[in-house]
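Asks: starting from these lines, generate the structure:
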Amino acid sequence: MHKKLNEEKVFKDPVHNYVYVQDEIIWNLVNTKEFQRLRRIRQLGTSYLTFHGAEHSRFSHSLGVYEMTRKIISQFERHGYSDWPQEEKLVSLCAALLHDIGHGPFSHSLEQVFETHHEQWTCNIILGDTEVNRVLREAGDDFPDQVAQVIRRKYPKPIVVSLVSSQMDADRMDYLLRDAYYTGVHYGTFDLERILRVLRPYKGRIVVKESGMHAVEHYLMSRYQMYWQIYFHPVTRSSEIILRQIFRRAKQLYEENYSFAYMPAPLKSLLDGTINVPHYLKLDESLVQTAFSEWSEERDGLLADLCSRFLNRKLYKYITIDNPSETLLNEIEQQWVKIGLSPEYHMEIDFPYDQPYDVYRPDAKKGEKEEKTPILLLDNEDRISEISQKSDIVRSITGLHQGEYRLYYPEEPLLAAKSSLTGSIRQLFKL
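Replies: Now for the predicted structure:
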């Protein structure tokens, strides 16, 4: 059953000015403990160690995606577009609000080490024995499954999926604007109002009126700049590497039956692969950082050092290497072992394109991990074309593999053991 609130609720928001809630189910979802947990998960992971303003949460982003979706649907309804199925409004708004509810602490690093995926956890929370599930069921017994289908991109009406998950969806538009605001940069800004004005529902898809192509070009260029200036920032990459090393080391020690002085139950179940929804919901960044604080005094010196580095921002330095050869990497590894470092934990080759980000892909091939529908233009003759066919700018940045190899390492041990290293290594690392 779809009930309106007696009085509209409003959240003050720095990106959208206001977030408006008119539906009782949306208000009730916001007040569930599962959604409130998102206040304790940062939107940009470890980027706060590079951009000190980047403390914003998944909670604020999720509200923003909901508001962006509400604005798009409101415009469709205001103009009376017949191709928009009005009965899909509530499932669209709920999916937009809940799309990130399954994120864990520092989620992408956690996912890489433990081979989990936040979308699967989102569906587990939506479908499980949770407050969120009970609120959704008030709209119908099958309503939680409908919302989960949108998250999985399996919903029978693709136009609903594309609102939340496409190459120009409410999710991407909100996080570009929000991340730009909180990192203090201008790369992520674009003309949102213009884009909203040129979006159209058309034959079961969302398309862009061709006269709005330049606004979309601006959006995609903003996205491109944000990747290379913010998401791929080399200092942020260093903090992500150390974070992954902490999780990897803890997992390795656990598998070796090491006796931790501190091990909360949710982390234990994560390490042994038995984690369930109640334990997962207790995993937030405050718990993980408490564990890091305790582990910084563990008997295992490697784990203690990694945790101390992360907490106190003593990050790895890096050098840039042009296509590192196996011979060079073997030589570095030998030198590392010679001075008591672990090649497994104290050196990592990083190439920024190996991240779950893309600027724009026109093909959206089925079966790929990040299948997203392309951006389609609608001309005055009601003909559809994919945007890179019409835009030189979009074509120039599509599939562009920019980046360079960087080798990350702890600087202090190298400086202390400088005299023990070969001349070529000292020269390479500028010691």
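Asks: give me the phi and psi for residue 82.
Replies: phi -70, psi -20 (degrees, to the nearest 10).
Asks: any idea how far residue 334 is from residue 328?
Replies: Distance, residue 334 to residue 328, by CB to CB, to the nearest Å: 11 Å. Where you see a C-beta, it was placed from the backbone N, CA and C, and this is true even at glycine.
Asks: higher neighbour count, these two?
Replies: Using other CB atoms under 10 Å as the criterion, residue 334 and residue 328 rank with residue 328 on top: 15 against 12.
Asks: wait, residue 22 touches residue 8, no?
Replies: Yes: between residue 22 and residue 8 there is a contact under CB atoms under 8 Å: 5.3 Å.
Asks: spatially nearest residue to residue 375 (excluding sequence neighbours)?
Replies: Leaving out its chain neighbours, the residue that sits closest to residue 375 by CB to CB, 6 or more residues apart in numbering is residue 387, at 4.4 Å.
Asks: pretty sure the one you found sits against residue 394.
Replies: Yes: taking CB under 8 Å as the definition, residue 387 is a contact partner of residue 394 at 5.2 Å.
Asks: what do the two both touch?
Replies: The contact sets of residue 387 and residue 394 overlap at residue 216 (CB atoms under 8 Å, 6 or more residues apart in numbering).
Asks: would you mind measuring from residue 200 to residue 384?
Replies: For residue 200, the distance to residue 384 equals 11 Å [CB to CB].
Asks: got the phi and psi for residue 277?
Replies: phi -60, psi -50.
Asks: that one: what's it in contact with?
Replies: With CB under 8 Å, 6+ apart, residue 277 has these contacts: 121, 124, 125, 128, 129, 130.
Asks: now the two most distant members of the residues you listed.
Replies: Greatest spacing in those, by CB to CB: 121 and 129 (14.4 Å).
Asks: when these two are compared, which one has more neighbours?
Replies: Applying other CB under 10 Å to residue 121 and residue 129 shows that residue 121 carries more neighbours, namely 22 against 9.
Asks: report the residue ranges of every domain in this structure.
Replies: Listed domain ranges for the chain are 4-232+379-397, 234-315, 316-359+405-431 (source: automatic domain parsing).
Asks: distance from the shortest one to the middle of the chain?
Replies: It refers to domain 316-359+405-431. In terms of CA atoms, centre = their mean, to the nearest Å, the centre of domain 316-359+405-431 is found 28 Å from the chain centre.
Asks: same thing with the first one?
Replies: Mean C-alpha position of domain 4-232+379-397 versus that of the full chain (CA atoms, centre = their mean) differs by 12 Å.
Asks: that one spans what distance, first to last residue?
Replies: Its first and final residues considered, domain 4-232+379-397 spans 44 Å by CA to CA, to the nearest Å.
Asks: pLDDT (mean, whole number) over that domain?
Replies: In this model, domain 4-232+379-397 carries a mean pLDDT of 94.
Asks: likewise stretch 406-415?
Replies: Stretch 406-415 carries an average pLDDT of 94.
Asks: great, nothing more from me.
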